[in-house]
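Return a 3D structure for these sequence lines:
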Amino acid sequence: MTVSKTRRSAGVLLFRRADSGGVELLLAHPGGPIWARKPDEGSWSIPKGLLDADESEWDAARREYLEEIGSPVPDGPHIDLGEVKLKSGKTVIGFAVEGDLDVTTVVSNAFEMAWPPRSGRMQSFPEIDRAEWFDPETAKRKLNPAQAVFVDRLLDALPTGG
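Down below sits the predicted model:
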């Protein structure tokens, strides 16, 4: 993840057609010791990260997906899901792409932080510790509340509503 002064992130919501006729959505759970103690619902995210100063939103979304998932965004058209503002003030721009992914192949990049706090000892943690497929209703509960609207926007954009 690259540091940016703009506090704007971009990410990809991967979706696939489910056997039931609906869709399933790929979400990522943040890694590290802080997230390990938080409730599961409301903690998940689309794979995303900060934009570089000279980077388009779509390019940033694809780069961050690759860094966090370990494979490129599938080829094909993308759906612009607009943007949302998190409680922190950060803006997240979302895109959706249809594709499939075996979640057992996910390999995230890592970040370093002092852990335990104030110990002075730096440790490395995966940026995401797991990714999973969810039906739309479950995805909305799992997602950071501000990002849940991306699910509705995707379903509205699909010809059959998902």
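
can we go C-alpha only for contacts and neighbour counts from here?
Will do.

which residues touch the nearest residue to residue 25 once chain neighbours are set aside?
In space, residue 25 comes closest to residue 15 once its chain neighbours are excluded; the distance is 4.5 Å by CA to CA, 6 or more residues apart in numbering. By CA atoms under 8 Å, 6 or more residues apart in numbering, the residues touching residue 15 are 23, 24, 25, 26, 96, 97, 98, 99, 100.

Could you single out the nearest of these to residue 109?
residue 26 (17.5 Å; CA to CA).

Quick one: list the elements packing against the strand or helix carrying the closest one.
In the assignment (DSSP states H and E), residue 26 maps to strand 23-30. Using 3 or more CA pairs under 8 Å, 6 or more residues apart in numbering; DSSP states H and E, the elements in contact with strand 23-30 are strand 8-17, strand 128-134, helix 136-142.

quick one: contacts of the helix or strand bottoming out on mean pLDDT in the chain?
Every helix and strand of the chain was ranked by mean pLDDT, DSSP states H and E. The lowest is helix 33-36, at a mean of 77. Around helix 33-36, the neighbours that count as contacts under CA under 8 Å, 6+ apart are residue 43.

Dump the C-alpha coordinates for that helix into PDB.
What follows is helix 33-36, C-alpha atoms only, in PDB (Å, rounded to 0.1, in the frame of the first residue of the first chain):
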ATOM      1  CA  PRO A  33      -3.400  -8.100  15.900                       C
ATOM      2  CA  ILE A  34      -5.800  -5.200  16.100                       C
ATOM      3  CA  TRP A  35      -8.400  -6.700  13.800                       C
ATOM      4  CA  ALA A  36      -8.000 -10.100  15.400                       C
END
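
still on that earlier bit, tell me how far the strand holding residue 26 is from the chain's mean position?
7 Å (CA atoms, centre = their mean, to the nearest Å).

pretty sure residue 123 contacts residue 32?
No - using CA atoms under 8 Å as the test, residue 123 is too far from residue 32 to be in contact (9.5 Å).

Between the two, tell me which one has more neighbours.
The neighbour count for residue 123 versus residue 32, taken as other CA atoms under 10 Å, is higher for residue 32 (20 against 13).
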